[in-house]
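Visitor: Got a predicted structure plus its sequence, pasted below:
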Amino acid sequence: MTDPVRARYRKIVFLTWFLTLDLIMFGAFVRLTDSGLGCPDWPGCYGNVTPIGALQSIRQAVQVMPDGPVTLPKAWIEMVHRYVGSLLGLLIIAIVWMAWRHRARFGRSPALACVALVAVCLQGAFGAWTVTHQLMPAVVTGHLLGGMILLALMTWLAARERKHAPVQAGAAGYMPWLVLGLALLFVQIALGGWVSTNYAALACLDFPTCDGHWLPPMDTVNGFSLLRGLGEMPNGDMISQQALTAIHWVHRNVAIIVFAYMGTLAWRLRAFAGLRGPATLVLVFLLAQLATGLTTIFFQWPLLVAVLHNGGAAALVLVTVTLMVRVAGATRLSVQSA
């Protein structure tokens, strides 16, 4: 007989996991539509719960800067993102409460759920800092990475609640390679976030060369300086084209390393029963990332493709963590049989 408490817990976990993935996609939409300062204070909108109460302030901002960061549509986009983020936090609190209260019944430590709660609290802080620091690239990139970390944690919580085909014990040796693969993914996601937050996606408009050069003139020092404002170099001057080129070029070339490594690893993991499905998805998502990345260059950053590119990165994190959960199960079986 199905345990009703366990069934309820699983439903909340899967709902929260799904909402986390959606929020990452919507966060990309917020960033790419320049809506991050649609409400230039936090947590409300000009001190109001919704943009409706802030209409007068929004209209005044639009009169001063018609093409500025504050408009009514952008305010709604930003506030919806905050509303969904708040709901996500409440759901994770519910997960922690259930995991702690029923830890003996579930036969699992609530530690992972508690870590997810810490992660979502940090995400809330980064969300506030994104506004108060005026879209500072380092803060916005940190916010993106925090969302991906939270997705990884929620995927781990959800994946261990889902039944799957037994995994051969021989797959246990691949855990270190999966950990390295996940680390490479996060490095590449950080670089991609740096490209997006610095608006460097169109710094190179050809492929595989960049402005006709395999090694174009670049300013990596200023391009990867963390303590600077949006569109600026550390000395306060406008960011140079060579700095933007460095940001784009590094992201593009690290992508080749990640593609080769993750592709080879996924191909090898397809040989194991219980891993074939997620390993195949890794290959599919790698190809999709290649397609959306190239489309972004050749069609000059269409919004839908850019959001899908961000979603593809999230999907790669998701399936890689799923593989790790299943290989971890194979590792436990290998230890028990020994």
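Guide: Arrived safely.
Visitor: Wait, Val317 touches Met154, no?
Guide: No: counting by CB atoms under 8 Å, Val317 does not reach Met154; the two are 10.5 Å apart. Bear in mind the C-beta positions are built from the backbone N, C-alpha and C, glycine included.
Visitor: So for these two, which sits in the more crowded spot?
Guide: A count of neighbours by other CB atoms under 10 Å puts Met154 above the other of Val317 and Met154, at 29 against 23.
Visitor: Test my guess that that one contacts Ala116.
Guide: Yes: with contact defined as CB under 8 Å, Met154 reaches Ala116; the gap is 6.3 Å.
Visitor: Let me see the ranges of the helices in the stretch 201-338 of the chain.
Guide: With helices called from DSSP state H, counting those that start in this stretch, the stretch 201-338 of the chain shows them at 220-223, 241-269, 276-298, 303-337.
Visitor: swap that for the stretch 51-200 of the chain, sorry
Guide: Under the criterion DSSP H, counting those that start in this stretch, the stretch 51-200 of the chain contains helices at 55-64, 72-101, 103-106, 111-132, 137-159, 175-197.
Visitor: Out of these, which is closest to Gly231?
Guide: Shortest distance between Gly231 and those, using CB to CB, is found for helix 137-159: 8.9 Å.
Visitor: which residues touch the nearest residue to Val321 once chain neighbours are set aside?
Guide: Among residues not flanking Val321 along the chain, Thr155 sits closest, at 4.3 Å (CB to CB, 6 or more residues apart in numbering). Contacts here follow CB atoms under 8 Å, 6 or more residues apart in numbering; on that basis Thr155 touches Trp17, Val317, Leu318, Val321, Thr322, Val325.
Visitor: among these, who's most crowded?
Guide: Busiest of the contacts of Thr155 [other CB under 10 Å] is Leu318, holding 25 neighbours.
Visitor: That residue reaches Leu150, doesn't it?
Guide: No: between Leu318 and Leu150 no contact is recorded; they are 11.8 Å apart, counting by CB under 8 Å.
Visitor: what pLDDT does Met1 get?
Guide: Looking at Met1, its pLDDT is 57.
Visitor: Can you tell me which of the helices of the stretch 51-200 of the chain is nearest to Gly236?
Guide: Closest to Gly236 of those is helix 137-159 (CB to CB; 14.6 Å).
Visitor: Ser196: neighbour count?
Guide: For Ser196, the count of nearby residues is 23 (other CB under 10 Å).
Visitor: Ser196: which of the helices of the stretch 201-338 of the chain is closest?
Guide: Evaluated with CB to CB, the helices of the stretch 201-338 of the chain place helix 303-337 nearest to Ser196, the distance being 7.7 Å.
Visitor: quick one: buried residues of that closest one?
Guide: Residues 305-331, 333-334 are the ones in helix 303-337 that count as buried (16 or more other CB atoms under 10 Å).
Visitor: now swap in stretch 153-165 and tell me
Guide: Leu153, Met154, Thr155, Trp156, Leu157, Ala158, Ala159, Glu161.
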